[in-house]
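Trainee: Return a 3D structure for these sequence lines:
(2 chains)
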Amino acid sequence: MITRMSSLFLRTLREDPADAEVPSHKLLVRAGYVRRVAPGGYSWLPLGLRVLRNVEQIVREEMDAIGAQEIQFPALLPKEPYEATNRWTEYGPNLFRLKDRKNADFLLAPTHEEMFTLMVKGEYSSYKDYPVTLYQIQNKFRDEARPRAGILRGREFLMKDSYSFDLTDEGLSESYRAHRDAYIKIFDRLGLDYVIVAATSGAMGGSASEEFLAVAETGEDTFVRSSESGFAANVEAVVTPAPPAQSVEDKPAAVVHDTPDTPTIASLVDVVNKLDLGRTFTAADTLKNVLVKTRLPGAKDWEFLGIGLPGDREVDEKRLEAALEPAEVVLLTETDFRNNPHLVKGYIGPKALLANGVKYLVDPRVVTGTAWVTGADQDGKHVVDLVCGRDFTPDGTIDVAEVRAGDPSPDGKGVLEAARGIEIGHIFQLGRKYADAFKLDALGADSKPVRITMGSYGVGVSRLVAVLAEQNFDERGLVWPRNVAPYDVHLVVAGKDETLLAGGEKLAAELHEQGLNVVLDDRKASPGVKFADAELVGVPTILVVGRGLANGVVEIKDRRTGDREEIPVETAVEHLVKVVRG
RNA sequence: CGGGGUGUAGCGCAGCUUGGUAGCGCACCCGCUUUGGGAGCGGGGGGCCGCAGGUUCAAAUCCUGUCACCCCGACCA
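Mentor: Model (predicted):
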């Protein structure tokens, strides 16, 4: 098709909008792709909608390719199904709730697990019907506490969500694998720089779960990756490699020393080094014991837990919560210490914990044969050379110490470096949570019911547009990957001469005949304005019909590289078709 | 929810300290000139100065209240 700029519903802005911070937000607004209408709510203008539809189509094609079938639910849903799964309350304030004129409760769907489950339950009842995978591409609503970064994190957004229904765990694994492969194809087709990391499944419930993170400085998620291998992981999922165990026999005996006024690790290291023990100690030689208490859901009492880790590391709260999930966890209060005099704050050692029945877990680096400077369970005293496996035996390990850049990669190759990412896809094996809630069974070959097991898989379609912008821009504007660009060719008529416009029109018509989508800048604006707009809008190929036309040549510019070449008008169409079709 | 900031034309901003006819740039409209890198000159249209109350002869400006929005963090996926 041919779109004329003279009539295209588009107004570009010369200045960045004041409320925009990240590149995608600034550029999508400036280039006239989206306009804000509410916090976290954006309208799509013609150019933006074309890109959104292109992304959507790629997602759709890859879903169809694995046999998933598209359906569509309302966004406006009754409360009841969400009460059955408890999500009416569990989802909390993030759920948009509203009432109809009869005062009945409704919600704007944040995701559609309930509806898909009910849909399948309503239609299918035999094992012969399974497996089946359904999906939809539809707007979702979440009342985010703080929408931000334009369409990167809105309250209404376009999402592809699919759900697999299988009779067996093996079937679920296969469905999961199929989605994983499909997502790889989608994100590869989009030309994205992304990683796949193991994830915790969060509020959705379920087990196996991976996130696809697009690499971007402006991302909200921190992850780590190896400097040498392809390893990447959420910080919560990093497994610290344990060093080999050492012999305990050759270690010096544990000796208690007076270490007054050493409430911090730094002060302890200072004092110990002044004891003149013939060695120099660092924070990494100390064993810090952190006391927390945990409580399982539904349980009444808190249970104490001691965590021993090298003194140069802090406990990472997110890793702690992930490690203890589903139990909740908090630090001990002053009252707890007062009620438990055997816990000497600042001087807690493994011995008192173990002697008083407090569960004691240590960092994986604390292996048999390692010697530590740690609390002696008396005010003002620490013990040096307390050896793991000789002087104390922990109840197990817990991997909750902070992960730092420079730590060895869990796969043994290279060291970890920190990076930021934006979640663009999330796949996980839900299991039977929703099938249980709605009693979704298939009648088996033996006439006995089989509980269905589900997988759930999401792609943030509108977010992908922002992510693509985030990864494809320069100081002049957007630079779309070819297969999502709003047009194949941006034809600039550079000059007001009637013959130039006629030449441009003719070329546009010929390109159109070849099946290319062309945006033709037929406006009366000066060439400078048109060039600047073309670069801001970001169509990958710019065709300039200008002063060269008198000599029978036009200019083709590559938006990304800036390369330009003059070619004869007669071969321009053929040339462009090759460029566009690759 | 904690911290910081901002509300003045479609967009970006000044004016507020020290009260007195609401201004600049971009965009938009008209005319002439200009046309390969965001043109020039001239003319023009567009405002409940977030909202409410108060002080005052007079409020964008001072006072009180309120609402909204943005950014950082917490939370969330």
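Trainee: switch to C-alpha atoms for all contacts and neighbour counts from now on
Mentor: Will do.
Trainee: Compute the first-to-last residue distance for stretch A:443-461.
Mentor: Stretch A:443-461 stretches 36 Å from its first residue to its last (Cα to Cα, to the nearest Å).
Trainee: Show the average pLDDT along that stretch.
Mentor: Averaging pLDDT along stretch A:443-461 gives 91.
Trainee: can you tell if that stretch touches RNA strand B?
Mentor: No - applying Cα under 7 Å from any atom of the strand, one finds stretch A:443-461 out of contact with RNA strand B, separated by at least 7.7 Å.
Trainee: Buried residues of that stretch, list them for me.
Mentor: Neighbour counts using 16 or more other Cα atoms under 10 Å place A:443, A:450-461 of stretch A:443-461 among the buried residues.
Trainee: for stretch A:26-39, same thing?
Mentor: By neighbour count, with 16+ other Cα under 10 Å as the criterion, the buried positions of stretch A:26-39 are A:Lys26, A:Leu27, A:Leu28, A:Val29, A:Arg30, A:Ala31, A:Gly32, A:Tyr33, A:Val34, A:Arg35.
Trainee: just stretch A:275-295 next, same as before
Mentor: Neighbour-count burial for stretch A:275-295, with 16+ other Cα under 10 Å as criterion, is recorded at A:281-295.
Trainee: just stretch A:502-517 next, same as before
Mentor: Taking 16+ other Cα under 10 Å as the basis for neighbour counts, the residues of stretch A:502-517 that come out buried are A:Gly503, A:Gly504, A:Glu505, A:Leu507, A:Ala508, A:Ala509, A:Leu511, A:His512, A:Leu516, A:Asn517.
Trainee: Check what pLDDT the first one gets.
Mentor: Think A:Gly503. Model confidence at A:Gly503 (pLDDT) stands at 91.
Trainee: list the helices and strands the host helix or strand of it packs on?
Mentor: In this structure, A:Gly503 is located in helix A:498-513 according to DSSP states H and E. Helices and strands touching helix A:498-513, by 3 or more Cα pairs under 8 Å, 6 or more residues apart in numbering; DSSP states H and E, are strand A:2-4, strand A:489-493, strand A:518-521, strand A:541-545, helix A:569-581.
Trainee: Within the sheet, what are the partner strands of the shortest one, with directions?
Mentor: Spelled out, it's strand A:2-4. Sheet partners assigned to strand A:2-4 using DSSP bridges are listed as strand A:518-521 (parallel).
Trainee: what's the answer for the second one, then?
Mentor: On the basis of DSSP bridges, the sheet neighbours of strand A:489-493 come out as strand A:518-521 (parallel), strand A:541-545 (parallel).
Trainee: Just send those back as CSV, with mean neighbour count too.
Mentor: Below are the strands paired with strand A:489-493 laid out as CSV (neighbours: other Cα atoms under 10 Å):
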stretch, mean neighbour count
strand A:518-521, 24
strand A:541-545, 26
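Trainee: what's the closest of these to RNA strand B?
Mentor: Nearest of the strands paired with strand A:489-493 to RNA strand B, taken as Cα to the nearest atom of the strand: strand A:541-545 at 5.3 Å.
Trainee: Now do that closest one against helix A:569-581, angle only.
Mentor: 170 degrees (axes from the mean of the first three to the mean of the last three Cα atoms, to 10 degrees).
Trainee: Tell me how far A:Arg50 lies from A:Tyr163.
Mentor: For A:Arg50, the distance to A:Tyr163 - Cα to Cα - is 27 Å.
Trainee: residues touching the closest residue to RNA strand B within the stretch 351-500 of chain A, list them.
Mentor: Ranked by Cα to the nearest atom of the strand, the top residue of the stretch 351-500 of chain A for proximity to RNA strand B is A:Gly495, at 3.8 Å. By Cα atoms under 8 Å, 6 or more residues apart in numbering, the contact set of A:Gly495 is A:Ser526, A:Pro527, A:Gly546, A:Arg547.
Trainee: Near RNA strand B, which residues of the stretch 451-582 of chain A are found?
Mentor: Looking at RNA strand B, the residues of the stretch 451-582 of chain A close enough under Cα under 7 Å from any atom of the strand are A:494-496, A:524-533, A:535-536, A:544-548, A:554-555.
Trainee: is the lengthiest strand in chain A anywhere near RNA strand B?
Mentor: Criterion DSSP state E: the longest strand present in chain A is strand A:416-431. Yes - part of strand A:416-431 sits close enough to RNA strand B to count as contact by Cα under 7 Å from any atom of the strand, namely A:Ile422, A:Glu423, A:His426.
Trainee: The last one touches A:Ala198, doesn't it?
Mentor: No - with contacts counted by Cα atoms under 8 Å, A:His426 stays clear of A:Ala198, the gap being 9.8 Å.
Trainee: Any regions of chain A where pLDDT drops low?
Mentor: Where chain A drops to pLDDT under 70, the residues are A:200-207, A:325-326.
Trainee: thinking again about what came up before, against which helices or strands is the longest strand of chain A packed?
Mentor: helix A:169-189, strand A:209-215, strand A:221-226, strand A:453-460, helix A:461-471.
Trainee: Could I get the ones you listed in a markdown table, plus columns for distance to A:Gly369?
Mentor: As requested, the helices and strands packed on strand A:416-431 are arranged in a markdown table below (distance: least, Cα to Cα, whole Å):
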| stretch | distance to A:Gly369 |
| --- | --- |
| helix A:169-189 | 41 |
| strand A:209-215 | 36 |
| strand A:221-226 | 29 |
| strand A:453-460 | 45 |
| helix A:461-471 | 49 |
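Trainee: And the helices in the stretch 201-350 of chain A?
Mentor: Per DSSP state H, counting those that start in this stretch, the stretch 201-350 of chain A carries helices over the ranges A:265-273, A:317-324, A:334-339, A:350-355.
Trainee: For the last one, enumerate the helices and strands it packs against.
Mentor: The contact analysis (3+ Cα pairs under 8 Å, 6+ apart) places helix A:350-355 against strand A:359-362, strand A:371-378.
Trainee: starting at the chain centroid, how far to it?
Mentor: The offset between the C-alpha centroid of helix A:350-355 and the centroid of the whole chain comes to 41 Å, using Cα atoms, centre = their mean, to the nearest Å.
Trainee: same question, the first one
Mentor: Helix A:265-273 has its C-alpha centroid displaced from the chain centroid by 41 Å (Cα atoms, centre = their mean).
Trainee: Run through who's touching the helix holding A:Gly503.
Mentor: Counting contacts by Cα under 8 Å, 6+ apart, the residues touching helix A:498-513 from outside are A:1-2, A:491-494, A:517-518, A:520, A:522, A:545-546, A:549, A:573, A:577.
Trainee: Could you rerun that using 10 Å?
Mentor: Contact with helix A:498-513 is made by A:1-4, A:488-495, A:497, A:514-524, A:543-550, A:554, A:569-570, A:572-574, A:576-577, as judged by Cα atoms under 10 Å, 6 or more residues apart in numbering.
Trainee: now for the helices and strands packed on helix A:498-513, which one comes closest to A:Leu98?
Mentor: strand A:2-4 (41.0 Å; Cα to Cα).
Trainee: Please state the offset of that closest one from the chain centre?
Mentor: On Cα atoms, centre = their mean, the centre of strand A:2-4 falls 37 Å from that of its chain.
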